[in-house]
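Visitor: after the sequence you'll find the predicted model.
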Amino acid sequence: EALSTDLNGTPLTDMPMTWWHAAFRSGLKRIGSACVLLQPWEDLSVFSRSWCVWQLHCAVSTGTPLSVLISEREKQRLHDALLADM
C-alpha cells in the first residue's frame, strides 16, 4: 500500500470501503500475481493482521497466482523445527 497509495493526499479514512475493495482487486488483477513472504516463519503477520488476510482473500478469490517465498535460512529453520517436533 505504501507504494500505491498517496499517504499525503485525501485522508485514508475518507475513502469508502467499496473504493478500497474495487481499487485493490482491480490493481491486483492488472499486476497479475501476488506473493507471501514467510519470514519469520513462526510469527507471520500475514495471518494475524486483518488487512493482510483480506489481501490474501482478494488474491485467492480473483484467481490471482500466489507465490510463497521463504529465504534459505528460514527454510532451514522451519525444516529443523518440523523435525524436532516429530
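Guide: Noted; the coordinates are in hand. Numbering: from 1, shown residues only.
Visitor: residue boundaries of the strands in this structure?
Guide: 34-37, 66-69 (DSSP state E).
Visitor: could you dump those strands to a markdown table with mean neighbour count and mean pLDDT?
Guide: Any C-beta I mention is one placed from the backbone N, CA and C, and that applies to glycine too. A markdown table is the format used below for the strands of the chain (neighbours: other Cβ atoms under 10 Å; pLDDT from 0 to 100):
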| stretch | mean neighbour count | mean pLDDT |
| --- | --- | --- |
| strand 34-37 | 14 | 92 |
| strand 66-69 | 10 | 93 |
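Visitor: could I get these as CSV with distance to Leu78?
Guide: Shown next, in CSV, are these (distance: least, Cβ to Cβ, whole Å):
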stretch, distance to Leu78
strand 34-37, 13
strand 66-69, 12
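Visitor: buried sites along the lengthiest helix in the chain?
Guide: Using DSSP state H, we find that the single longest helix of the chain is helix 17-31. Neighbour-count burial for helix 17-31, counted by 16 or more other Cβ atoms under 10 Å, picks out 24, 28.
Visitor: before we move on, what about stretch 64-81?
Guide: 70, 74, 77-78.
Visitor: tell me where this structure has helices.
Guide: Using DSSP H, helices in the chain cover 17-31, 50-61, 72-84.
Visitor: between those, which one is nearest to Leu38?
Guide: Proximity to Leu38 (Cβ to Cβ) singles out helix 72-84 among the helices of the chain, at 6.4 Å.
Visitor: what are the contacting residues of that closest one?
Guide: 38-42, 70 (Cβ atoms under 8 Å, 6 or more residues apart in numbering).
Visitor: check stretch 37-47 too.
Guide: 36, 52-53, 56, 68-71, 74, 77-78, 81.
Visitor: can you do 7 Å?
Guide: Residues outside stretch 37-47 that contact it (Cβ atoms under 7 Å, 6 or more residues apart in numbering) are 36, 52-53, 56, 68-71, 74, 77-78.
Visitor: hmm, which two among those are most spread apart?
Guide: Val53 and Arg77 (23.7 Å).
Visitor: in TSV, list the helices of the chain along with mean pLDDT.
Guide: Formatted as TSV, the helices of the chain follow (pLDDT from 0 to 100):
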stretch	mean pLDDT
helix 17-31	88
helix 50-61	90
helix 72-84	95
